[in-house]
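S.K.: Sequence unavailable; structure follows:
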Ligand code: MN
(Lines give C-alpha, C1' and ligand atoms only; values in the text may rest on other atoms or scores of the structure.)
Protein backbone atom coordinates (compact mmCIF):
# COMPACT_ATOMS: atom_id res chain seq x y z
CA UNK A 1 0.00 0.00 0.00
CA UNK A 2 1.24 3.49 -0.86
CA UNK A 3 0.30 6.09 1.71
CA UNK A 4 0.22 9.49 0.10
CA UNK A 5 -0.41 13.09 1.05
CA UNK A 6 -1.56 15.48 -1.66
CA UNK A 7 -0.87 19.16 -1.09
CA UNK A 8 -2.67 21.39 -3.58
CA UNK A 9 -5.34 18.73 -4.04
CA UNK A 10 -7.90 20.91 -5.84
CA UNK A 11 -5.44 22.18 -8.46
CA UNK A 12 -4.58 20.68 -11.82
CA UNK A 13 -1.86 18.29 -10.57
CA UNK A 14 -3.76 17.48 -7.37
CA UNK A 15 -6.98 16.48 -9.13
CA UNK A 16 -5.07 14.35 -11.64
CA UNK A 17 -3.16 12.65 -8.81
CA UNK A 18 -6.47 11.83 -7.14
CA UNK A 19 -7.77 10.37 -10.42
CA UNK A 20 -4.77 8.05 -10.34
CA UNK A 21 -5.48 7.17 -6.70
CA UNK A 22 -9.11 6.45 -7.52
CA UNK A 23 -8.02 3.93 -10.13
CA UNK A 24 -5.43 2.20 -7.97
CA UNK A 25 -6.57 0.29 -4.92
CA UNK A 26 -3.00 0.25 -3.63
CA UNK A 27 -2.98 3.99 -3.07
CA UNK A 28 -4.27 5.32 0.22
CA UNK A 29 -4.72 9.08 0.61
CA UNK A 30 -3.60 10.07 4.12
CA UNK A 31 -3.98 13.80 4.01
CA UNK A 32 -5.09 16.57 1.69
CA UNK A 33 -4.51 20.31 1.56
CA UNK A 34 -6.10 22.91 -0.68
CA UNK A 35 -5.97 26.68 -0.91
CA UNK A 36 -9.59 27.76 -0.86
CA UNK A 37 -11.88 25.50 -2.91
CA UNK A 38 -14.12 24.18 -0.12
CA UNK A 39 -16.62 22.56 -2.44
CA UNK A 40 -14.11 20.36 -4.24
CA UNK A 41 -12.03 19.67 -1.14
CA UNK A 42 -15.08 18.46 0.78
CA UNK A 43 -15.97 16.12 -2.10
CA UNK A 44 -12.40 14.80 -2.03
CA UNK A 45 -12.57 14.28 1.74
CA UNK A 46 -15.82 12.35 1.34
CA UNK A 47 -14.33 10.14 -1.35
CA UNK A 48 -10.82 9.50 0.01
CA UNK A 49 -11.43 9.77 3.77
CA UNK A 50 -8.01 11.19 4.68
CA UNK A 51 -6.92 11.43 8.31
CA UNK A 52 -6.25 15.16 7.96
CA UNK A 53 -7.49 17.81 5.53
CA UNK A 54 -6.32 21.40 5.45
CA UNK A 55 -7.87 24.47 3.92
CA UNK A 56 -5.17 27.15 3.68
CA UNK A 57 -7.65 30.02 3.59
CA UNK A 58 -8.61 30.43 7.26
CA UNK A 59 -11.86 32.18 6.37
CA UNK A 60 -13.09 28.98 4.75
CA UNK A 61 -12.37 26.83 7.80
CA UNK A 62 -15.80 26.85 9.43
CA UNK A 63 -17.48 26.20 6.09
CA UNK A 64 -15.32 23.12 5.54
CA UNK A 65 -15.92 21.89 9.08
CA UNK A 66 -19.67 22.20 8.47
CA UNK A 67 -19.49 20.42 5.09
CA UNK A 68 -17.63 17.46 6.59
CA UNK A 69 -19.14 17.27 10.07
CA UNK A 70 -20.40 13.70 9.55
CA UNK A 71 -16.87 12.49 8.66
CA UNK A 72 -13.97 11.60 10.92
CA UNK A 73 -11.31 13.58 9.00
CA UNK A 74 -9.55 16.14 11.17
CA UNK A 75 -9.97 19.58 9.58
CA UNK A 76 -7.16 22.11 9.97
CA UNK A 77 -6.36 25.47 8.37
CA UNK A 78 -3.74 28.11 7.65
CA UNK A 79 0.00 27.62 7.43
CA UNK A 80 0.08 25.56 10.65
CA UNK A 81 -2.56 23.38 9.06
CA UNK A 82 -0.50 22.79 5.92
CA UNK A 83 2.44 21.82 8.11
CA UNK A 84 0.20 19.39 9.97
CA UNK A 85 -1.06 17.94 6.68
CA UNK A 86 2.49 17.64 5.29
CA UNK A 87 3.66 15.85 8.46
CA UNK A 88 0.74 13.43 8.74
CA UNK A 89 2.13 10.29 10.42
CA UNK A 90 0.78 7.50 8.24
CA UNK A 91 1.94 8.89 4.89
CA UNK A 92 5.24 7.85 3.35
CA UNK A 93 5.13 10.18 0.32
CA UNK A 94 4.10 13.80 -0.02
CA UNK A 95 3.01 15.10 -3.41
CA UNK A 96 3.63 18.83 -3.25
CA UNK A 97 1.62 20.55 -5.96
CA UNK A 98 1.11 23.84 -4.16
CA UNK A 99 1.57 26.83 -6.50
CA UNK A 100 4.41 29.29 -5.86
CA UNK A 101 6.73 29.91 -2.93
CA UNK A 102 3.83 28.91 -0.67
CA UNK A 103 5.07 25.38 -1.42
CA UNK A 104 8.47 25.92 0.19
CA UNK A 105 7.48 25.45 3.84
CA UNK A 106 5.56 22.21 3.09
CA UNK A 107 8.57 20.94 1.08
CA UNK A 108 10.90 21.51 4.03
CA UNK A 109 8.41 20.05 6.42
CA UNK A 110 7.92 16.86 4.42
CA UNK A 111 11.69 16.36 4.12
CA UNK A 112 12.23 16.89 7.85
CA UNK A 113 9.56 14.27 8.51
CA UNK A 114 11.52 11.96 6.16
CA UNK A 115 8.71 11.61 3.64
CA UNK A 116 9.53 10.84 0.04
CA UNK A 117 8.91 14.07 -1.81
CA UNK A 118 7.05 13.99 -5.12
CA UNK A 119 7.78 17.49 -6.26
CA UNK A 120 5.53 19.43 -8.58
CA UNK A 121 6.23 22.72 -6.79
CA UNK A 122 9.25 23.94 -8.78
CA UNK A 123 9.37 27.20 -6.83
CA UNK A 124 10.71 25.31 -3.76
CA UNK A 125 13.88 24.55 -5.71
CA UNK A 126 14.02 27.86 -7.57
CA UNK A 127 13.91 29.89 -4.36
CA UNK A 128 15.83 27.66 -1.98
CA UNK A 129 17.38 24.91 -4.09
CA UNK A 130 20.61 24.54 -2.14
CA UNK A 131 18.83 24.50 1.21
CA UNK A 132 16.22 21.97 0.06
CA UNK A 133 18.69 19.61 -1.63
CA UNK A 134 21.05 19.68 1.37
CA UNK A 135 18.18 19.01 3.75
CA UNK A 136 17.08 16.07 1.59
CA UNK A 137 20.61 14.62 1.67
CA UNK A 138 20.86 15.12 5.44
CA UNK A 139 17.57 13.33 5.98
CA UNK A 140 18.17 10.60 3.40
CA UNK A 141 15.03 11.67 1.54
CA UNK A 142 14.61 11.26 -2.20
CA UNK A 143 13.00 13.96 -4.29
CA UNK A 144 11.15 12.56 -7.29
CA UNK A 145 10.29 15.18 -9.92
CA UNK A 146 6.72 15.50 -11.16
CA UNK A 147 7.37 18.36 -13.59
CA UNK A 148 7.13 16.59 -16.98
CA UNK A 149 10.54 17.73 -18.27
CA UNK A 150 12.30 16.77 -15.06
CA UNK A 151 10.51 13.46 -14.92
CA UNK A 152 11.77 12.85 -18.47
CA UNK A 153 15.37 13.74 -17.53
CA UNK A 154 15.10 11.61 -14.39
CA UNK A 155 13.98 8.66 -16.53
CA UNK A 156 16.70 9.26 -19.17
CA UNK A 157 19.58 9.30 -16.65
CA UNK A 158 18.29 6.29 -14.74
CA UNK A 159 21.19 3.85 -14.38
CA UNK A 160 23.75 6.18 -16.00
CA UNK A 161 26.85 7.66 -14.39
CA UNK A 162 26.44 11.34 -13.62
CA UNK A 163 29.90 12.30 -14.89
CA UNK A 164 29.02 10.90 -18.33
CA UNK A 165 26.15 13.32 -18.73
CA UNK A 166 27.17 16.11 -21.06
CA UNK A 167 24.06 18.13 -21.62
CA UNK A 168 20.40 18.33 -20.72
CA UNK A 169 18.11 19.37 -23.55
CA UNK A 170 15.06 20.84 -21.86
CA UNK A 171 12.06 21.06 -24.14
CA UNK A 172 9.54 23.91 -24.16
CA UNK A 173 6.29 24.06 -26.08
CA UNK A 174 6.83 27.77 -26.70
CA UNK A 175 3.37 28.56 -25.36
CA UNK A 176 0.55 30.39 -27.15
CA UNK A 177 2.75 33.26 -28.40
CA UNK A 178 5.45 31.26 -30.12
CA UNK A 179 6.80 33.03 -33.22
CA UNK A 180 5.40 36.42 -32.22
CA UNK A 181 7.53 39.55 -31.80
CA UNK A 182 7.24 42.18 -29.06
CA UNK A 183 5.12 44.44 -31.26
CA UNK A 184 2.54 41.68 -31.70
CA UNK A 185 2.41 41.02 -27.96
CA UNK A 186 1.57 44.58 -26.92
CA UNK A 187 -2.17 44.06 -26.67
CA UNK A 188 -2.31 40.39 -25.71
CA UNK A 189 -4.92 39.77 -23.06
CA UNK A 190 -5.31 37.30 -20.23
CA UNK A 191 -7.57 35.06 -22.30
CA UNK A 192 -5.04 34.98 -25.19
CA UNK A 193 -2.27 34.06 -22.77
CA UNK A 194 -4.35 31.36 -21.10
CA UNK A 195 -4.82 29.44 -24.36
CA UNK A 196 -2.01 26.92 -24.08
CA UNK A 197 -1.59 24.83 -27.24
CA UNK A 198 -0.81 21.45 -25.62
CA UNK A 199 -1.12 21.37 -21.86
CA UNK A 200 -4.13 21.93 -19.66
CA UNK A 201 -2.68 23.53 -16.52
CA UNK A 202 -3.41 26.05 -13.80
CA UNK A 203 -3.54 29.79 -14.61
CA UNK A 204 -0.21 30.79 -13.05
CA UNK A 205 1.89 28.20 -14.88
CA UNK A 206 0.03 28.84 -18.14
CA UNK A 207 1.02 32.51 -18.00
CA UNK A 208 4.59 31.48 -17.09
CA UNK A 209 4.51 29.26 -20.12
CA UNK A 210 3.44 32.18 -22.35
CA UNK A 211 6.28 34.41 -21.07
CA UNK A 212 8.76 31.47 -21.08
CA UNK A 213 9.43 32.23 -17.41
CA UNK A 214 8.29 28.68 -16.79
CA UNK A 215 11.25 27.41 -18.81
CA UNK A 216 13.58 29.73 -16.92
CA UNK A 217 12.29 28.39 -13.60
CA UNK A 218 12.63 24.84 -14.91
CA UNK A 219 16.26 25.39 -15.90
CA UNK A 220 16.99 26.47 -12.32
CA UNK A 221 14.96 23.54 -11.00
CA UNK A 222 17.03 21.14 -13.15
CA UNK A 223 20.35 22.62 -11.96
CA UNK A 224 19.43 21.77 -8.37
CA UNK A 225 17.68 18.46 -8.94
CA UNK A 226 20.38 16.96 -11.13
CA UNK A 227 23.35 18.93 -9.76
CA UNK A 228 24.45 20.24 -13.16
CA UNK A 229 25.89 23.58 -14.22
CA UNK A 230 23.45 25.92 -15.88
CA UNK A 231 25.55 26.12 -19.06
CA UNK A 232 24.95 22.42 -19.58
CA UNK A 233 21.22 22.96 -19.95
CA UNK A 234 19.95 23.88 -23.40
CA UNK A 235 16.32 24.96 -23.75
CA UNK A 236 14.74 23.99 -27.06
CA UNK A 237 11.35 24.82 -28.49
CA UNK A 238 9.54 21.63 -29.37
CA UNK A 239 6.01 22.60 -30.35
CA UNK A 240 4.46 19.16 -30.26
CA UNK A 241 5.21 18.41 -26.57
CA UNK A 242 5.77 14.76 -27.37
CA UNK A 243 9.42 14.63 -26.30
CA UNK A 244 9.42 15.76 -22.68
CA UNK A 245 13.20 16.36 -22.55
CA UNK A 246 16.47 14.73 -23.59
CA UNK A 247 19.87 14.00 -22.17
CA UNK A 248 23.11 13.89 -24.14
CA UNK A 249 25.97 11.69 -22.94
CA UNK A 250 29.74 11.92 -23.47
CA UNK A 251 29.64 9.44 -26.37
CA UNK A 252 27.14 11.59 -28.28
CA UNK A 253 24.13 9.44 -27.51
CA UNK A 254 20.97 11.42 -26.92
CA UNK A 255 18.26 9.70 -24.89
CA UNK A 256 14.76 11.14 -24.93
CA UNK A 257 11.52 10.33 -23.14
CA UNK A 258 8.36 10.54 -25.23
CA UNK A 259 4.71 10.36 -24.37
CA UNK A 260 1.44 12.18 -24.83
CA UNK A 261 1.25 15.57 -23.07
CA UNK A 262 -0.65 14.21 -20.09
CA UNK A 263 0.55 15.01 -16.57
CA UNK A 264 -0.94 11.78 -15.24
CA UNK A 265 2.09 10.04 -16.73
CA UNK A 266 4.83 11.84 -14.72
CA UNK A 267 2.57 11.90 -11.62
CA UNK A 268 2.03 8.16 -11.86
CA UNK A 269 5.74 7.56 -12.47
CA UNK A 270 6.65 9.58 -9.36
CA UNK A 271 4.08 7.82 -7.20
CA UNK A 272 5.21 4.36 -8.28
CA UNK A 273 8.95 4.92 -8.72
CA UNK A 274 11.10 2.82 -8.97
CA UNK A 275 8.33 0.62 -10.32
CA UNK A 276 6.39 1.32 -13.49
CA UNK A 277 2.71 0.63 -13.40
CA UNK A 278 -0.05 0.74 -15.96
CA UNK A 279 -1.31 4.31 -16.00
CA UNK A 280 -4.53 6.04 -16.98
CA UNK A 281 -2.60 8.64 -19.01
CA UNK A 282 -3.45 9.02 -22.69
CA UNK A 283 -1.19 7.07 -25.03
CA UNK A 284 0.86 8.67 -27.78
CA UNK A 285 0.02 6.86 -31.02
CA UNK A 286 3.35 6.85 -32.81
CA UNK A 287 1.61 6.67 -36.21
CA UNK A 288 -0.55 9.67 -35.49
CA UNK A 289 1.88 12.08 -33.87
CA UNK A 290 2.95 14.97 -36.09
CA UNK A 291 6.54 15.55 -37.26
CA UNK A 292 8.72 16.51 -34.34
CA UNK A 293 10.43 19.89 -34.69
CA UNK A 294 13.11 21.71 -32.70
CA UNK A 295 13.93 25.37 -32.62
CA UNK A 296 15.98 27.79 -30.50
CA UNK A 297 13.95 30.06 -28.22
CA UNK A 298 13.58 33.75 -29.10
CA UNK A 299 15.50 35.21 -26.16
CA UNK A 300 14.89 38.82 -27.25
CA UNK A 301 11.11 38.65 -27.32
CA UNK A 302 10.77 36.37 -24.31
CA UNK A 303 13.09 38.16 -21.88
CA UNK A 304 12.06 36.08 -18.88
CA UNK A 305 14.23 33.20 -19.98
CA UNK A 306 17.43 35.24 -19.72
CA UNK A 307 16.23 36.98 -16.57
CA UNK A 308 15.94 33.59 -14.91
CA UNK A 309 19.31 32.38 -16.17
CA UNK A 310 21.09 35.52 -15.02
CA UNK A 311 19.34 35.49 -11.63
CA UNK A 312 20.59 31.95 -11.10
CA UNK A 313 24.12 32.92 -12.15
CA UNK A 314 24.11 35.91 -9.78
CA UNK A 315 23.07 33.51 -7.04
CA UNK A 316 22.21 34.35 -3.45
CA UNK A 317 18.64 35.55 -3.10
CA UNK A 318 18.34 36.55 -6.78
CA UNK A 319 16.38 33.45 -7.88
CA UNK A 320 13.98 33.96 -4.95
CA UNK A 321 13.60 37.62 -5.91
CA UNK A 322 13.00 36.63 -9.53
CA UNK A 323 10.31 34.20 -8.48
CA UNK A 324 8.62 36.60 -6.04
CA UNK A 325 8.62 39.38 -8.61
CA UNK A 326 7.18 37.04 -11.21
CA UNK A 327 4.44 35.73 -8.92
CA UNK A 328 3.38 39.30 -8.18
CA UNK A 329 3.53 40.35 -11.84
CA UNK A 330 1.49 37.33 -12.97
CA UNK A 331 -1.04 38.06 -10.24
CA UNK A 332 -1.38 41.66 -11.51
CA UNK A 333 -1.73 40.42 -15.09
CA UNK A 334 -4.40 37.88 -14.11
CA UNK A 335 -6.29 40.74 -12.45
CA UNK A 336 -6.02 42.89 -15.61
CA UNK A 337 -3.85 45.46 -13.85
CA UNK A 338 -0.87 45.27 -16.21
CA UNK A 339 -0.14 44.29 -19.83
CA UNK A 340 1.51 41.10 -20.95
CA UNK A 341 4.92 42.67 -21.69
CA UNK A 342 4.88 44.45 -18.32
CA UNK A 343 5.41 41.08 -16.62
CA UNK A 344 9.00 40.75 -17.86
CA UNK A 345 9.70 44.47 -17.49
CA UNK A 346 8.55 44.49 -13.87
CA UNK A 347 10.61 41.42 -13.01
CA UNK A 348 13.67 42.96 -14.66
CA UNK A 349 13.13 46.22 -12.77
CA UNK A 350 12.67 44.45 -9.43
CA UNK A 351 15.83 42.37 -9.86
CA UNK A 352 17.94 45.54 -10.01
CA UNK A 353 17.38 45.86 -6.26
CA UNK A 354 19.12 42.60 -5.36
CA UNK A 355 22.74 41.56 -5.12
CA UNK A 356 23.93 38.07 -5.86
CA UNK A 357 26.06 35.97 -3.59
CA UNK A 358 26.56 32.49 -2.30
CA UNK A 359 24.68 30.52 0.30
CA UNK A 360 21.66 32.13 1.86
CA UNK A 361 19.53 31.36 4.89
CA UNK A 362 15.86 30.56 4.63
CA UNK A 363 14.77 33.83 6.25
CA UNK A 364 16.74 35.75 3.61
CA UNK A 365 14.86 33.84 0.91
CA UNK A 366 11.50 34.85 2.39
CA UNK A 367 12.66 38.46 2.88
CA UNK A 368 13.81 38.71 -0.74
CA UNK A 369 10.53 37.22 -1.92
CA UNK A 370 8.54 39.77 0.04
CA UNK A 371 10.70 42.69 -1.03
CA UNK A 372 10.50 41.72 -4.71
CA UNK A 373 6.72 41.37 -4.51
CA UNK A 374 6.34 44.76 -2.89
CA UNK A 375 8.44 46.41 -5.58
CA UNK A 376 6.35 44.81 -8.33
CA UNK A 377 2.98 45.60 -6.75
CA UNK A 378 3.99 49.20 -6.19
CA UNK A 379 5.40 49.73 -9.69
CA UNK A 380 2.75 47.62 -11.36
CA UNK A 381 -0.18 49.39 -9.77
CA UNK A 382 1.27 52.75 -10.80
CA UNK A 383 1.05 51.56 -14.42
CA UNK A 384 -2.72 51.16 -14.40
MN1 LIG B 1 7.18 21.55 -16.98
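M.R.: Structure received. Computed from a prediction, not measured in an experiment: that's the story for all the values here. Residues are numbered from 1 along each chain as shown.
S.K.: Surely residue 61 and residue 67 touch.
M.R.: No - contact status for residue 61 versus residue 67: not in contact, 10.8 Å apart, counting by CB atoms under 8 Å. Yep, even glycine has a C-beta here, placed from its N, CA and C like the rest.
S.K.: so residue 11 makes contact with residue 202?
M.R.: Yes - using CB under 8 Å, residue 11 is in contact with residue 202, at 5.4 Å.
S.K.: Give the residue from these two that has the larger number of neighbours.
M.R.: Between residue 11 and residue 202, counted using other CB atoms under 10 Å, the more crowded position is residue 11 (24 against 15).
S.K.: pLDDT score for that one?
M.R.: Per-residue pLDDT puts residue 11 at 96.
S.K.: what's it in contact with, if anything?
M.R.: Counting by CB atoms under 8 Å, 6 or more residues apart in numbering, residue 11 touches 34-35, 97, 99, 202.
S.K.: among those, which ones are buried?
M.R.: Neighbour counting by 16 or more other CB atoms under 10 Å classes 34-35, 97, 99 among the contacts of residue 11 as buried.
S.K.: Closest one to the ion out of those, please.
M.R.: Relative to the ion, the closest of these is residue 97; by CB to the ion it sits at 12.3 Å.
S.K.: Is it correct that the closest one is in contact with residue 146?
M.R.: Yes - with contacts counted by CB under 8 Å, residue 97 reaches residue 146, the gap being 7.1 Å.
S.K.: So for those two, which residues contact both of them?
M.R.: In terms of CB under 8 Å, 6+ apart, residue 97 and residue 146 are both contacted by the residues 13, 120.
S.K.: Up against the ion, what does this structure have?
M.R.: Proximity of the chain to the ion, by CB under 5 Å from the ion, involves residues 147-149.
S.K.: okay if I get those residues as a markdown table plus pLDDT and secondary structure?
M.R.: Converted to a markdown table, the residues of the chain next to the ion look like this (pLDDT from 0 to 100; DSSP: H, G, I helix; E, B strand; the rest coil):
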| residue | pLDDT | secondary structure |
| --- | --- | --- |
| 147 | 97 | coil |
| 148 | 98 | helix |
| 149 | 98 | helix |
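S.K.: how about the nearest residue to the closest residue to the ion within the stretch 1-150 of the chain, chain neighbours excluded?
M.R.: Residue nearest to the ion within the stretch 1-150 of the chain: residue 147 (4.3 Å; CB to the ion). Once flanking residues are discounted, residue 147 sits nearest to residue 122: 5.7 Å by CB to CB, 6 or more residues apart in numbering.
S.K.: Can you check the pLDDT for that neighbour?
M.R.: Looking at residue 122, its pLDDT is 97.
S.K.: what's the answer for residue 201, then?
M.R.: If you check residue 201, the pLDDT there is 82.
S.K.: And the one 3 residues further on, by the same measure?
M.R.: At residue 204, the predicted lDDT confidence score is 93.
S.K.: and it, what element?
M.R.: Per DSSP states H and E: residue 204 is located in helix 203-211.
S.K.: packing partners for that helix?
M.R.: Other helices and strands packing on helix 203-211, by 3 or more CB pairs under 8 Å, 6 or more residues apart in numbering; DSSP states H and E, are helix 190-193, helix 213-226, helix 318-334, helix 340-351.
S.K.: Now do the longest one against helix 340-351, angle only.
M.R.: So that's helix 318-334. Orientation check (axes from the mean of the first three to the mean of the last three CA atoms, to 10 degrees): helix 318-334 against helix 340-351 gives 150 degrees.
S.K.: one step back: which one of the contacts of residue 11 sits closest to residue 302?
M.R.: Nearest to residue 302 among these is residue 202, at 20.1 Å by CB to CB.
S.K.: what's the closest one sitting at in phi/psi?
M.R.: phi -70, psi 170 (degrees, to the nearest 10).
S.K.: next one: residue 356
M.R.: Backbone torsions for residue 356, taken as degrees, to the nearest 10, come to phi -80, psi -160.
S.K.: ok, now which ones touch the closest residue in space to it that isn't next to it in sequence?
M.R.: Spatial nearest neighbour of residue 356, excluding adjacent residues (CB to CB, 6+ apart): residue 314 at 3.1 Å. By CB under 8 Å, 6+ apart, the residues touching residue 314 are 354-357.
S.K.: Turn the buried ones among the residues you listed into a named ChimeraX selection, would you?
M.R.: Here is the ChimeraX command that picks out the buried ones among the contacts of residue 314, judged by 16+ other CB under 10 Å:
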select :354
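S.K.: those strands in the stretch 51-200 of the chain, which residues are they?
M.R.: Ranges of strands within the stretch 51-200 of the chain are 52-55, 74-77, 93-96, 116-119, 143-145, 165-172, based on DSSP state E, counting those that start in this stretch.
S.K.: Show me what the longest one is in contact with.
M.R.: Which is strand 165-172. Contacts of strand 165-172 (CB under 8 Å, 6+ apart): 149, 152-153, 157, 212, 214-215, 218-219, 222, 226, 228, 232-238, 241, 243-250, 254, 297.
S.K.: let's see 6 Å
M.R.: By CB atoms under 6 Å, 6 or more residues apart in numbering, the residues outside strand 165-172 that reach it are 149, 153, 215, 222, 232-238, 243, 245-250.
S.K.: and what of the shortest one?
M.R.: Around strand 143-145, the neighbours that count as contacts under CB under 6 Å, 6+ apart are 117-119, 136, 151, 154, 225, 270, 273.
S.K.: Name the strands paired with that strand and say parallel or antiparallel.
M.R.: If you go by DSSP bridges, strand 143-145 pairs up with strand 116-119 (parallel).
S.K.: same deal with the second one?
M.R.: The strands that strand 74-77 pairs with in its sheet are strand 52-55 (parallel) (by DSSP bridges).
S.K.: No more questions from me, cheers.
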